[in-house]
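Chemist: output the structure for:
(one chain, ligands or ions: 2)
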Amino acid sequence: MGFSFSRKKDVVALDIGSGAIKLVQLKKLSQGYQLEKFGVKALDSELIVDGTVMDSGQVVDVIKELLEEQSVQAKDVALSVSGHSVIVKKINVPMMTEEELEESIKWEAEQYIPFDINDVNIDFHILGTSESEEAKDQMGVLLVAVKRERLTEYTTLVTETGLNPVIVDVDAFTLENMFGVNYDSREDEIVSLVNIGASVMNIIILRGGTFAFTRDISFGGNRYSEAIQREFNVNYEQAERAKKGDAVDGIDPEALLNIIGGLNEKIATEVTRSFEYFKTTSSSETIDRILMSGGSAKVPNLLSHLGEKLGVEVEMADPFSNIEIPEDLFDRNFVKEMAPMSAVGVGLALRRLEGSGS
Ligand SMILES: Nc1ncnc2c1ncn2[C@@H]1O[C@H](COP(=O)(O)OP(=O)(O)OP(=O)(O)O)[C@@H](O)[C@H]1O
Ligand SMILES: [Mg+2]
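Modeler: Ligands and ions are numbered 1, 2, ... in the order given. Purely as a prediction, here's the structure:
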């Protein structure tokens with residue numbers, strides 16, 4: 001229909017976290033991907049609390065600053081949500097066609113969703129015949145439910161920045177995507193992705209690179225900062241700096257490491273609990289390796305503590321490992337420093353570029 005001189009529709013990814021907003025736009029090359037736009041801005045802790053936007057005006061301003069600084073032309077935006085407003089679960093339902101399931105998913109899903117079924121948006125993906133013996137006449141379905149209130153909150157927010165929300169994804173799937181593009185996995189390998197942000201941690205388990213399990217836990221970097229504030233009677237900003245390794249007046253480094261160590265142990269306990277749950281609900285015995293991401297993966301001694309406690313190889317994920325970073329456009333050190341926080345943003349930015357429809 002007529003001529004269009006505009007570029008194929010670009011999509012910019014915005015990972016609106018409670019600790020920072022991350023903007024990522026990628027370009028597909030004939031082989032692989034290139035970073036086109038990239039920016040990170042920390043948010044004051046009271047602007048978004050546990051995923052709820054408390055001050056949309058200020059958050060909108062931060063997004064606008066990022067869009068301007070990066071001269072973003074794209075009008076379409078991809079967003080991601082996680083935490084207690086999101087349910088992702090593998091369920092079994094009687095064998096039926098996709099159309100039939102479309103009709104009945106609401107009733108099938110109801111028992112798995114702790115909210116009123118009329119308050120959520122539901123999406124599903126048929127996985128195939130059930131793996132378990134008892135449920136041979138059933139099929140596995142990946143059920144995704146997001147509280148409508150949360151969706152509206154975030155889409156309204158970006159609409160106010162002049163962007164048009166075209167994709168709302170879930171952190172766990174963006175991380176799976178990030179992994180797929182940057183890492184290889186053996187067919188039977190069990191890899192866990194653990195993304196620890198400011199208020200939420202996402203635990204994902206992949207079997208042979210494919211989604212097997214996920215759980216979000218309300219625990220993140222804010223817990224560290226709050227504990228440091230309480231213990232040393234400092235303000236939030238000082239606590240944040242101390243956590244990141246800066247020397248702060250009135251904070252004894254050894255006492256600080258003790259506080260941090262206690263919270264690292266809490267994370268180890270949560271991860272262990274999720275792994276145990278996964279093992280009892282699947283036929284898997286072990287987790288082969290853990291890839292960490294999120295800003296809070298950089299907390300002192302966390303990776304080594306998890307490695308020791310769980311007896312699993314733990315390493316920091318590099319979401320840019322297969323993504324070209326043009327030297328003339330970006331400060332390599334900045335991108336490298338922000339890499340752990342960018343895992344969700346990169347996975348989200350890949351959404352539109354993968355497959356044919358880009
Ligand atoms: N070098 C560092 N050492 C320790 N913590 C860090 C470091 N850099 C960032 N953080 C912490 O990482 C968190 C931000 O990470 P991230 O951007 O992944 O979270 P978020 O996506 O904003 O949060 P959420 O997804 O939980 O809403 C903050 O709590 C911040 O204090
Ligand atoms: Mg996050």
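Chemist: quick one: average confidence on stretch 66-76?
Modeler: When pLDDT is averaged along stretch 66-76, the result is 97.
Chemist: for Gln25, what are phi and psi?
Modeler: Torsion angles at Gln25 (phi, psi; degrees, to the nearest 10) stand at phi -130, psi 130.
Chemist: just give the number of residues close to it.
Modeler: 25 (other C-beta atoms under 10 Å). No exception for glycine: its C-beta is placed from N, CA and C like everyone else's.
Chemist: let me see the contact set for it.
Modeler: Counting by C-beta atoms under 8 Å, 6 or more residues apart in numbering, Gln25 touches 10-13, 35-38, 70, 72, 74, 349.
Chemist: out of these, who's nearest ligand 2?
Modeler: Using C-beta to the ion, Ala13 comes nearest to ligand 2 of the contacts of Gln25, at 12.4 Å.
Chemist: is that closest one bridged to anything, and to what?
Modeler: Here Ala13 shows beta-bridge partners Val24, Ala78, assigned using DSSP bridges.
Chemist: need the per-residue pLDDT for it.
Modeler: 98.
Chemist: who wins on neighbours among the contacts of Gln25?
Modeler: Within those, most neighbours by other C-beta under 10 Å means Ala349, with 32 neighbours.
Chemist: and it, how far from Ala343?
Modeler: 11 Å (C-beta to C-beta, to the nearest Å).
Chemist: show the subsequent helix or strand relative to the helix or strand hosting Glu337.
Modeler: For Glu337, the element it lies in under DSSP states H and E is helix 332-338. Using DSSP H and E, the next helix or strand after helix 332-338 towards the C-terminus is helix 343-350.
Chemist: that next one packs against which elements?
Modeler: Using 3 or more C-beta pairs under 8 Å, 6 or more residues apart in numbering; DSSP states H and E, the elements in contact with helix 343-350 are strand 11-16, strand 20-28, strand 76-81, strand 164-170, helix 171-182, strand 190-196.
Chemist: ok so, going back, for the helix holding Glu337, buried residues please.
Modeler: Neighbour counts over helix 332-338 (16 or more other C-beta atoms under 10 Å) mark 335, 338 as buried.
Chemist: averaged pLDDT, that helix. What do you get?
Modeler: For helix 332-338, mean pLDDT rounds to 97.
Chemist: close to ligand 1, is it?
Modeler: No: Helix 332-338 lies out of reach of ligand 1 by C-beta under 6 Å from any ligand atom, never closer than 8.0 Å.
Chemist: tell me the buried residues in stretch 249-261?
Modeler: Buried residues in stretch 249-261, counting neighbours by 16+ other C-beta under 10 Å, are found at 251, 256, 259-260.
Chemist: list of residues touching that stretch?
Modeler: Residues outside stretch 249-261 that contact it (C-beta under 8 Å, 6+ apart): 224, 227-228, 231-234, 238, 242-243, 247, 299-301, 305.
Chemist: of those residues, which are in range of ligand 1?
Modeler: Among these, the residues that sit close to ligand 1 (C-beta under 6 Å from any ligand atom) are 243, 299.
Chemist: out of the contacts of stretch 249-261, who's the most crowded?
Modeler: Tyr224 (27 neighbours).
Chemist: how near is that one to Val49?
Modeler: Taking C-beta to C-beta, one finds Tyr224 at 16 Å from Val49.
Chemist: need the max-distance pair from the contacts of stretch 249-261.
Modeler: Pairwise distances across those peak at 26.2 Å for Asn233 and His305 (criterion: C-beta to C-beta).
Chemist: now the contacts of Gln25 in a markdown table, with distance to ligand 2?
Modeler: Converted to a markdown table, the contacts of Gln25 look like this (distance: C-beta to the ion, whole Å):
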| residue | distance to ligand 2 |
| --- | --- |
| Asp10 | 23 |
| Val11 | 19 |
| Val12 | 17 |
| Ala13 | 12 |
| Leu35 | 19 |
| Glu36 | 21 |
| Lys37 | 19 |
| Phe38 | 16 |
| Gln70 | 19 |
| Val72 | 20 |
| Ala74 | 21 |
| Ala349 | 14 |
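Chemist: grab the most central residue of this protein for me.
Modeler: Centroid-nearest residue in the chain, with C-alpha atoms, centre = their mean: Asp171, separated by 3.2 Å.
Chemist: contacts only, for the nearest residue to that one once chain neighbours are set aside.
Modeler: Spatial nearest neighbour of Asp171, chain neighbours left out: Ser82 (3.6 Å); criterion: C-beta to C-beta, 6 or more residues apart in numbering. Contact analysis of Ser82 by C-beta under 8 Å, 6+ apart lists 51, 170-172, 200, 202, 216.
Chemist: could I get those in JSON lines, plus columns for distance to Thr281?
Modeler: Conversion of the contacts of Ser82 to JSON lines gives the following (distance: C-beta to C-beta, whole Å):
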{"residue": "Gly51", "distance to Thr281": "26"}
{"residue": "Val170", "distance to Thr281": "20"}
{"residue": "Asp171", "distance to Thr281": "21"}
{"residue": "Ala172", "distance to Thr281": "16"}
{"residue": "Val200", "distance to Thr281": "22"}
{"residue": "Asn202", "distance to Thr281": "18"}
{"residue": "Asp216", "distance to Thr281": "17"}
